[in-house]
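Chemist: dropping a prediction and its sequence here:
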Amino acid sequence: MIRFLARRLVALFAVLLAVTALAFGSLNVLGDPLFNVVGFIASVDCDAVLAGEIEDISGQTAGGRGDCEVIQAARKEHRLDRALPVRYVLWLGDIVRGDFGTSFKNEMPVRQVLADKLPKSILLMTVAEVIGIVIAVPWAIVAAYRANRRFDRASTVTSFGLLAVPNFAMGIILFYFFVVRWQIFPSRFEDTDLAARLKSMVLPGLTLGLPLAATYQRLLRTDLITTLQEDFIQMARAKGMTDRWVMFRHALRPSLFSLVTVFGISTAGLIGGALVVEQIFSIPGIGRAVVEAVIRDDFPIVLGSVVVIATGFVVINFFVDIIYSLIDPRVRRDD
Amino acid sequence: MNGTVNGQPLLSVTDLRVGFATQRGLVRAVDGVSFDLFAGKTLGIVGESGSGKSVTAKTLMNLLPSYARVEGSVMFDGRDVRELAAQKEKHFWGVEMTMIFQDPMTSLNPVKKVGEQIAESLRVHLGRSRKEARDEAGDLLETVGIPEARKRLSQYPHELSGGLRQRVVIAMALACSPRLLIADEPTTALDVTVQKHILDLLDELREERGMAMILITHDLGVVKGRTDDIMVMYAGRTMEQADTATLFSTMRHPYTEALLETIPRIDMPSHTRLVPIPGRPPDLIDIAPGCPFAPRCRYSVDACVVECPSLEGHGTAHVCACHKPVGTEAGIAARAANEQQGTTPTGLDMGLFEGAGSRSGTGAGN
């Protein structure tokens, strides 16, 4: 078990390194970081200016600070004078020490931006997943117990219905009824106390959670039906165990694999991927922040978000691996 | 039959019929089966797959899906088993009557410790505490001959070999000291070397505990010498039923004879050809009026296609459903006529049986 965990932990760090390297590399190669810091003067040919071949126009008017001096200061500050791999390593060192840099656009520390947005996204994710699981598990158990009977057939239609409605439609429908017409829930995120925060999360949580519940229900129902046909279920029945006992003590646990797998993927995806819902319900979460930053070429924000989201993804899936081994002892083998 | 001195049989099955409604029609999986089993005795039920032997067992165990249609009576020690099923009796199956299955690899829950799986019967049915149940589970594992029994309690099924797993399954079944154990092909999935150990173990345990047993198999070799009585099933019906010694010495049904010819025997000269039974078991949806075995039978005559033979007595407690029983004058004549013709009235090529050696008249020599 220890070796199993150690191996997973090593894999976790390897994935994080790969993801950050890819994000850092692509953002630096695909765009021109200098342009994003200093704007159009990035195109000034500083070598020529220093050689006296052309004049540094702005330097003559604005207090003696020429374009080239601005450019060189920016280069130094953002380490643009160093090679890309060196920059990556130094940047990674900063991240590890908790320094995520500052936003290009408003000079805000990225760390502060993330600290402000991340909790909201995590709360939304948690509410959505709780709703999804709490609805899906009992639903799937009842449907699998009476597979292909009336309730199960109705469930199939319902779950496909929930899956077919896109996020924005579901969000707008809920928003219209519960906010506009009946005014049960606030129209935007209220950050006063925990109760208010939770109340603000009910509708967005449902918008994300209902399709999740439908997905989970489909997966768990199918796996349960397969498990219920196993010989060991028949053996348990032959031992005189009741249907309820067989379902909860024998069938449920070995049927959780698909559910747990998709749970891990969707949970991680929700950290940064709830953009539409954050927009509809005016939640200042990380999904919106990333999109805005990408549009404005605000590299430090994008990179900081990528690090946080990737870490979340990897850590959640690390726990999913641990859950696998708790579900099925055969996974624990150290070979 | 044997054991009548005790009076009442432990298990009495009368005219059992089980059908499954499918889109194509009603599948008659079991079609009028009757037998008695006395306390401490063993009944072998023999037949090919699809003969209805497993469905019969599952009917007794109340393991059939809800769409199965069951008719007939099943009495266990004066209690109506079908009535118990309807009332959802909680402490009958697993306590009085229990069953083990063919494949020990899949009969155990892969995610539960062996000890828990044995202990749960004790806890649910007998109300034992967690610790008591665990201790008893350890004792049971010792009883079924598992080395280092206590250590095994906290192991998972995948950590045990096939033979050990089947022993665990047997320990599970024995937990509440049932009076009837149904073993459905208990050794079919095991190595030949392990098969004998498991069968011997079942015999020993049955003897020690005075337990009755139904041993279901497709292999007449498995039941030989181990059971008191044998019932041969085909297409959901009883073809022949007798005490074991009688059945092997003077078998009457051509199907029984054919089954025996499929088994290799140690006293056969080497390179003796084993004779498979030609053809396939019939479709159980549209059952033809005649004998279900007629299309595959060497003894068949015109009457076999038209009229289904009923079970008739051949001496004490020996019944057989055949118009031309093996070893009778009529049977010998019918087979001889078919051999001369080269084909039976159902169009079966008699050439398929060449080299089988005629057993008719002499019974099964061994």
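Modeler: Here it is on my side, so go on.
Chemist: from chain B, how far off is residue A:318?
Modeler: 21 Å (CB to the nearest CB, to the nearest Å). In short, each C-beta sits where N, CA and C put it, glycine included.
Chemist: wait, that residue sits on residue A:9?
Modeler: Yes - between residue A:318 and residue A:9 there is a contact under CB atoms under 8 Å: 7.3 Å.
Chemist: the two: which is more packed in?
Modeler: residue A:318 (17 against 11; other CB atoms under 10 Å in any protein chain shown).
Chemist: work out for me the element the more buried one sits within.
Modeler: Assigned by DSSP states H and E, residue A:318 belongs to helix A:299-327.
Chemist: list the buried residues of that helix.
Modeler: By neighbour count on 16 or more other CB atoms under 10 Å in any protein chain shown, the buried set for helix A:299-327 is A:299-314, A:316-318, A:320-321, A:323-325, A:327.
Chemist: let me see the contact set for residue 166.
Modeler: Assuming you mean chain A. Contacts here follow CB atoms under 8 Å, 6 or more residues apart in numbering or on different chains; on that basis residue A:166 touches nothing.
Chemist: my question was about chain B, not that one.
Modeler: Counting by CB under 8 Å, 6+ apart, residue B:166 has contacts B:100, B:104, B:186-187, B:190, B:194, B:198.
Chemist: by neighbour count, which of the residues you listed wins?
Modeler: residue B:186 (30 neighbours).
Chemist: beta partners for the residue nearest to that residue when sequence neighbours are not counted?
Modeler: Distances taken as CB to CB, 6 or more residues apart in numbering or on different chains put residue B:100 closest to residue B:186, at 5.6 Å, once the chain neighbours are dropped. Beta-bridge pairing of residue B:100 under DSSP bridges involves residue B:183.
Chemist: residues contacting residue B:100?
Modeler: Residue B:100 neighbours (CB under 8 Å, 6+ apart): A:235, A:238, B:107, B:166, B:169-170, B:172-173, B:181-184, B:186.
Chemist: could you give the residue of the stretch 101-250 of chain A that lies closest to chain B?
Modeler: The nearest approach of the stretch 101-250 of chain A to chain B comes at residue A:240, 2.6 Å away (CB to the nearest CB).
Chemist: just checking, residue B:181 is part of a strand?
Modeler: Yes - according to DSSP: H, G, I helix; E, B strand; the rest coil, residue B:181 belongs to a strand.
Chemist: setting aside sequence neighbours, what's the nearest residue to it?
Modeler: Using CB to CB, 6+ apart, the nearest residue to residue B:181 is residue B:213, at 4.9 Å.
Chemist: so where does the residue nearest the centre of chain B fall, helix or strand?
Modeler: For chain B, the residue lying nearest the average C-alpha position, counting by CA atoms, centre = their mean, turns out to be residue B:216 (2.2 Å). Residue B:216 is part of strand B:212-217 when elements are defined by DSSP H and E.
Chemist: in its sheet, what does that strand sit against?
Modeler: Using DSSP bridges, the strands paired with strand B:212-217 are strand B:42-46 (parallel), strand B:180-184 (parallel).
Chemist: need these in CSV (columns: mean neighbour count and mean pLDDT).
Modeler: Output for the strands paired with strand B:212-217, formatted as CSV (neighbours: other CB atoms under 10 Å in any protein chain shown; pLDDT from 0 to 100):
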stretch, mean neighbour count, mean pLDDT
strand B:42-46, 26, 96
strand B:180-184, 24, 95
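Chemist: TSV please, covering those strands and showing distance to residue A:151.
Modeler: Output for these, formatted as TSV (distance: least, CB to CB, whole Å):
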stretch	distance to residue A:151
strand B:42-46	38
strand B:180-184	32
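Chemist: one step back: got CSV for the contacts of residue B:100, with distance to residue B:40 too?
Modeler: Shown next, in CSV, are the contacts of residue B:100 (distance: CB to CB, whole Å):
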residue, distance to residue B:40
A:235, 24
A:238, 21
B:107, 25
B:166, 23
B:169, 22
B:170, 17
B:172, 21
B:173, 17
B:181, 11
B:182, 15
B:183, 15
B:184, 20
B:186, 19
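Chemist: start and end of stretch B:292-310, how far apart?
Modeler: Chord length of stretch B:292-310, first to last residue, is 12 Å (CA to CA, to the nearest Å).
Chemist: pLDDT wise, what is the residue nearest to residue B:186 at?
Modeler: With respect to pLDDT, residue B:100 scores 93.
Chemist: what's the answer for the one 10 residues further on, then?
Modeler: Model confidence at residue B:110, expressed as pLDDT, equals 93.
Chemist: do the same with residue B:162
Modeler: Confidence score, pLDDT, at residue B:162: 87.
Chemist: what's the burial count for it?
Modeler: 15.
Chemist: ditto for residue B:79
Modeler: Residues within reach of residue B:79, counting by other CB under 10 Å, total 12.
Chemist: partners of it in the sheet?
Modeler: In this structure, residue B:79 bridges to residue B:76 when assessed by DSSP bridges.
Chemist: now it: how far from residue B:183?
Modeler: 22 Å (CB to CB, to the nearest Å).
Chemist: skipping its backbone neighbours, what lies nearest residue A:81 in space?
Modeler: residue A:75 (4.8 Å).
Chemist: does that neighbour touch residue A:34 like I think?
Modeler: Yes - in this structure, residue A:75 is within contact of residue A:34 by CB under 8 Å, at 6.9 Å.
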